[in-house]
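# prediction below, plus the sequence it came from.
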Amino acid sequence: MRVVLRNPKREIDVPAPRNVSHLLRDLEIVPEAVLVIRNDTLATHDERLSDDDVVEIRPVTSGGAA
Amino acid sequence: MKCGRCRAPAVIEVRRHNAGYCRECFVRHCGEQVRRAIDHFDMLGPGERVLVAVSGGKDSLGLWQILRELGYDADGLYLGLGIGEYSDESGRYVRAFAAERGWKLLEIDLAAEYGFDVEGGSRSAKRAPCSACGLSKRHIFNDAAIRHGYDVLATGHNLDDEAAVLLGNVLRWETEFLGRQHPVLPAAPGFARKVKPLIRLSERELAAYCVLTNIDYIVEECPMAGGNRHLGYKHTLNEIEERSPGTKAAFVFGFLERAHERFAAEVAEARDELRPCAECGAPTPGDVCAFCRMRARAVGEPIGVRSIS
Ligand code: SF4
Ligand SMILES: [Zn+2]
Ligand SMILES: [Zn+2]
């Protein structure tokens, strides 16, 4: 499956894990810090994934001390 | 996963509330959280004019839309910071957002209006870029709110922002900053009231709100943010939150309910000693305020010559 990462924008191909929560765990991404977007809408952590899926993992943390 | 409210398929889970939401219920949830924050902290009165500081990011655009949907008379204020491509891009997002909805947007350009940008201010004042930027924003937002006759200035600080700032202040026992850390700063001579209506929503909820209501916001980070201390605190807090959901909210609201008042006296004292800045009239503990000193250094003027009449 294809995973789109942001900041900077890049794409990686990985074998589809069982579901969204496994994908985040495999990539060592803290779920609280991202949204997972598939087909223009959000995917919950229990949603199943398959090899022809394209998902975006979008960070939600913004910087700036002010 | 199903929506905990209506049993439709969920699109997002919020572990802090131990709940899944469908799109409609989630959008309603966001409005309710803002409503609760506004009511609980007495942020806005009926009929008041609100100026929302918007950056093009998810928080401020989400805030503007939620306030409008709750029926507030809210206009936007965009400050062009002159941070290269990032600022050009964020300005485009803000203008498109306002134009699509036909909402009123005020714009101020730091370089055009004051003769320097964030990098110049940072260099000449020997402050970190985010510190020069924050000083400029605080000064200019306040000034614009007063000058244009708004009752209150609203900013998009969310639960994660407040938790990260609180952690930083506690780690260094910045008692004066702790006294000032509150979702409502009342108006005082020279100061507009300032409110943070998103304090009950996390950044993840704001980003989800924008995706689900088709708000097009700038996802790219400001290039100055990389590796700053604030971001580090957010990561740490998210790791703790992961192991024990609800910690961020307990940290911030516990502080506000049980500790904030203990630090408030120091702030009241500091406020009593303020007098008008010789250049711009904003309240300051010295002769010339920190913003005017930074501006003078950045444009190569001696400090304190540009006096108000
Ligand atoms: S990251 Fe720092 S420099 Fe960039 S907009 Fe935020 S406060 Fe300003
Ligand atoms: Zn629902
Ligand atoms: Zn001044």
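Okay, I see it. Ligands and ions are numbered 1, 2, ... in the order given.
# drop to CA atoms for contacts and neighbour counts, all remaining ones
OK.
# for the stretch 151-300 of chain B, list the residues in contact with ligand 3, please.
Applying Cα under 5 Å from the ion, we find that the stretch 151-300 of chain B lies next to ligand 3 at B:277, B:279-280, B:289, B:292.
# ok, now how distant is residue B:221 from ligand 1?
Remark: distance between residue B:221 and ligand 1 (Cα to the nearest ligand atom, to the nearest Å) = 7 Å.
# I'd guessed that residue sits against residue A:62; true?
Yes. Applying Cα atoms under 8 Å as the test, residue B:221 and residue A:62 come out as touching, 6.7 Å apart.
# more neighbours: these two, which one.
Legend: neighbour count by other Cα atoms under 10 Å in any protein chain shown for residue B:221 and residue A:62, higher for residue A:62 (22 against 19).
# for the more buried one, pull up the helix or strand it's in.
Using DSSP states H and E, residue A:62 falls within no helix or strand.
# now do the longest strand anywhere in chain B: everything it contacts.
The longest strand of chain B (DSSP state E) is strand B:73-80. Defining contact as Cα atoms under 8 Å, 6 or more residues apart in numbering or on different chains, one finds that strand B:73-80 is touched by B:47-55, B:64, B:67-68, B:87-88, B:91, B:94, B:98, B:103-111, B:137, B:141.
# now the buried members of those residues.
Among those, those classed as buried by 16 or more other Cα atoms under 10 Å in any protein chain shown are B:49-55, B:64, B:67, B:87, B:91, B:94, B:98, B:105-108, B:110, B:137, B:141.
# in helices only, show me these.
Counting by DSSP state H, those place B:64, B:67, B:87, B:91, B:94, B:98, B:110, B:137, B:141 in helices.
# which pair of those spans the longest distance?
Spanning the widest gap among those are B:67 and B:110, at 26.3 Å by Cα to Cα.
# state the pLDDT value of residue A:63.
Looking at residue A:63, its pLDDT reads 72.
# do you have the helices of chain A handy? List them.
With helices called from DSSP H, chain A shows them at A:20-26.
# which stretches of chain B form strands?
Ranges of strands in chain B, per DSSP E, are B:12-14, B:19-21, B:49-53, B:73-80, B:105-109, B:152-154, B:184-185, B:193-195, B:275-276, B:283-284.
# out of those, flag the one nearest residue A:44.
Proximity to residue A:44 (Cα to Cα) singles out strand B:12-14 among the strands of chain B, at 5.3 Å.
# pLDDT-wise, which helix or strand of chain A ranks last?
Ranked by mean pLDDT, DSSP states H and E, the weakest helix or strand in chain A is strand A:41-42, scoring a mean of 94.
# who touches that strand?
A:35-36, B:11-12, B:208, B:211-212.
# between those, which has the most around it?
That'd be residue B:208 among these, by other Cα under 10 Å, with 28 neighbours.
# domain parsing of chain B, as residue ranges.
Split into domains by automatic domain parsing, chain B comes to B:42-218+B:228-260, B:273-309.
# residues from chain B in reach of chain A?
Taking Cα under 8 Å from any Cα of the partner chain as the measure of proximity, chain B contacts chain A at B:1, B:10-13, B:130-131, B:133-134, B:165, B:203-204, B:207-208, B:211-212, B:219-222, B:224-226, B:228-231, B:234-235, B:238-239, B:241-242.
# repeat the analysis, applying 6 Å as the threshold.
B:11-12, B:130, B:134, B:203-204, B:220, B:225, B:230-231 (Cα under 6 Å from any Cα of the partner chain).
# show me where pLDDT drops low in chain A?
A:64-66 (pLDDT under 70).
# what's the closest non-adjacent residue to residue B:94?
residue B:56 (4.9 Å; Cα to Cα, 6 or more residues apart in numbering or on different chains).
# chain neighbours aside, what residue packs nearest to the most centrally placed residue in chain A?
What sits nearest the mean C-alpha location of chain A, by Cα atoms, centre = their mean, is residue A:57, with 2.9 Å. Counting by Cα to Cα, 6+ apart, residue A:57 lies nearest to residue A:36, which is 4.7 Å off, once chain neighbours are set aside.
# now do the contacts for that neighbour.
Residue A:36 is in contact with A:42-43, A:56-57, counting by Cα atoms under 6 Å, 6 or more residues apart in numbering or on different chains.
# which stretches in chain B count as helices?
B:23-40, B:58-69, B:84-101, B:110-114, B:118-125, B:129-147, B:159-171, B:175-180, B:203-212, B:229-243, B:247-254, B:260-272, B:290-299.
# residue B:218 against residue B:57, yeah?
Yes. With contact defined as Cα atoms under 6 Å, residue B:218 reaches residue B:57; the gap is 5.2 Å.
# which one's more surrounded, these two?
Remark: of residue B:218 and residue B:57, residue B:57 carries more neighbours, 23 against 19, as counted by other Cα under 10 Å.
# tell me the spacing between the residue of the stretch 51-200 of chain B found nearest ligand 2 and residue B:105.
Of all residues in the stretch 51-200 of chain B, residue B:66 sits closest to ligand 2, at 18.5 Å by Cα to the ion. Residue B:66 sits 16 Å away from residue B:105, going by Cα to Cα, to the nearest Å.
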